[in-house]
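A.B. asks: All I have is the shape, not the residue letters:
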């Protein structure tokens, strides 16, 4: 296996193993996609990535992280996203979408506005009012954040239905892969982590109770998501905190999700205990790949490695050594949307710009021949 070998998930073939990870842009209005999203995501399809994900897309309005989040909580939001999905597919990438609910991390300012809770002054500054976040328990995300409203059984049922309905809308929009955002301190992670879930009912307490919401969401999505199309869950493989969620918990959860029709576990980590990086969390290139390797081996499910990956040789090694089936990049492709094509050249998989779109490749190959002929490079 190599980074540029095709990969089949159910009835969907990815042309390579490079995935553009969901990256929130905070440019939507009332949840609606616009030209920004088309151009932003379209660059990655032109740049050769095999699977391109739309950013975290809220399944209900109160589940937005910010006022700028994309949404699929109403049918009117389908058309804008359908335009994006059509373009991605037309240019050879598989279009994917990440469905999300922020839970207690909702009602937040955009990062460049402070990455703090929305407050009354935001109405005057930007015409954006705060709203009440919900969560498994009335525990604030971090110091200075309001406590969320503890979810009732009716709230939980509404959220499960919202994920189902958003998946139905994603299908109508033309997406071929759904990823559920169950990591980084978002709602589903809040339920399965003992750091954020202090409930004593059927959705809290022991391990079985804490994973119940995630399992129900997987089942609900599979009830409307076709058998031929893959379903992915992004999990935080560890909280990096004493007394929190650990890798062994993730492996067991992955087995249960697989039984409910999940095809890939996207292995990230952290995010549950506030904005500061936990002391146990040591950063290096590909530092989360060992989580993907362990889940792949122990749970018998395909995995995706993500986080601090930028070198083509390192990305290729993750696949070649069986650590993961897919490699997701985010900030690196923001810096260079053509990363996939440049990686193919670096790994000896492309000569003379043959993998580039001819509208680009013809010009670049012509320049390259002239530059070489003149000895300028």
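C.D. replies: Sure thing, it's come through. Note that the structure is a prediction, hence the values are computed from the model and not measured.

A.B. asks: For the longest helix seen in the chain, which helices and strands make contact with it?
C.D. replies: Using DSSP state H, we find that the single longest helix of the chain is helix 153-173. Judged by 3 or more CB pairs under 8 Å, 6 or more residues apart in numbering; DSSP states H and E, helix 153-173 is in contact with helix 78-90, strand 94-100, strand 177-182, helix 207-222. C-beta coordinates here come from the backbone N, C-alpha and C atoms, glycine included.

A.B. asks: which helices and strands does the last one pack with?
C.D. replies: It stands for helix 207-222. So helix 207-222, by 3+ CB pairs under 8 Å, 6+ apart, packs with helix 153-173, strand 177-182, helix 187-192, strand 231-236, helix 247-259.

A.B. asks: Next, the angle from that helix to strand 177-182.
C.D. replies: For helix 207-222 against strand 177-182, the angle by axes from the mean of the first three to the mean of the last three CA atoms, to 10 degrees is 150 degrees.

A.B. asks: what comes up buried for helix 207-222?
C.D. replies: Within helix 207-222, the residues that count as buried by 16 or more other CB atoms under 10 Å are 209-218, 220-222.

A.B. asks: SS state for residue 205?
C.D. replies: coil (DSSP: H, G, I helix; E, B strand; the rest coil).

A.B. asks: how about it, what does it touch?
C.D. replies: residue 199 (CB atoms under 8 Å, 6 or more residues apart in numbering).

A.B. asks: phi, psi of residue 29?
C.D. replies: Phi and psi for residue 29, reported as degrees, to the nearest 10, are phi -120, psi 120.

A.B. asks: same check, this time on residue 70
C.D. replies: Note on residue 70: backbone dihedrals following degrees, to the nearest 10 are phi -70, psi 160.

A.B. asks: Run through the bridge partners of it.
C.D. replies: residue 57 (DSSP bridges).

A.B. asks: I'd say it and residue 78 touch.
C.D. replies: No. Under the criterion of CB atoms under 8 Å, residue 70 is not in contact with residue 78, lying 11.7 Å apart.

A.B. asks: Between these two, tell me which one has more neighbours.
C.D. replies: Set residue 70 next to residue 78 and count neighbours by other CB atoms under 10 Å: residue 70 wins out with 29 against 19.

A.B. asks: Now tabulate the helices and strands packed on helix 153-173 in JSON lines and tack on mean pLDDT.
C.D. replies: JSON lines is the format used below for these (pLDDT from 0 to 100):
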{"stretch": "helix 78-90", "mean pLDDT": "98"}
{"stretch": "strand 94-100", "mean pLDDT": "99"}
{"stretch": "strand 177-182", "mean pLDDT": "99"}
{"stretch": "helix 207-222", "mean pLDDT": "98"}
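
A.B. asks: Let me know the distance separating the nearest residue to residue 204 once chain neighbours are set aside from residue 150.
C.D. replies: Distances taken as CB to CB, 6 or more residues apart in numbering place residue 197 nearest to residue 204, at 5.0 Å, with adjacent residues excluded. For residue 197, the distance to residue 150 equals 10 Å [CB to CB, to the nearest Å].

A.B. asks: Neighbour count for these two, which is higher?
C.D. replies: Shown here are residue 197 and residue 150; by other CB under 10 Å, residue 197 has more neighbours (22 against 14).

A.B. asks: And the pLDDT at that one?
C.D. replies: pLDDT for residue 197: 98.

A.B. asks: Just list the residues touching residue 235, thanks.
C.D. replies: Contacts for residue 235 were tallied using CB under 8 Å, 6+ apart; they are 182-183, 189, 250, 253-254, 265-268.

A.B. asks: before we move on, the earlier item: buried residues, the longest helix of the chain. List them.
C.D. replies: By neighbour count with 16+ other CB under 10 Å, helix 153-173 contains the buried residues 156, 159-160, 162-171, 173.

A.B. asks: How many neighbouring residues does residue 73 have?
C.D. replies: A total of 19 residues lie near residue 73 under the criterion other CB under 10 Å.

A.B. asks: Residue 377: neighbour count?
C.D. replies: That count, for residue 377 with other CB under 10 Å as the rule, works out to 6.

A.B. asks: That one contacts residue 367, correct?
C.D. replies: No. With contact defined as CB under 8 Å, residue 377 does not reach residue 367; the gap is 10.0 Å.

A.B. asks: Restrict the contacts of residue 235 to the buried ones and give me that as a ChimeraX selection.
C.D. replies: The ChimeraX selection below is limited to those of the contacts of residue 235 classed as buried (16+ other CB under 10 Å):
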select :182,183,189,250,253,254,265,266,267,268
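
A.B. asks: ok, of the contacts of residue 235, which one's closest to residue 344?
C.D. replies: Using CB to CB, residue 266 comes nearest to residue 344 of those, at 22.8 Å.

A.B. asks: which SS class is the closest one?
C.D. replies: strand.

A.B. asks: Pull the contacting residues for it.
C.D. replies: Counted by CB under 8 Å, 6+ apart, residue 266 has contacts 179, 183, 232-235, 303-304, 306, 328.

A.B. asks: All set now, cheers.
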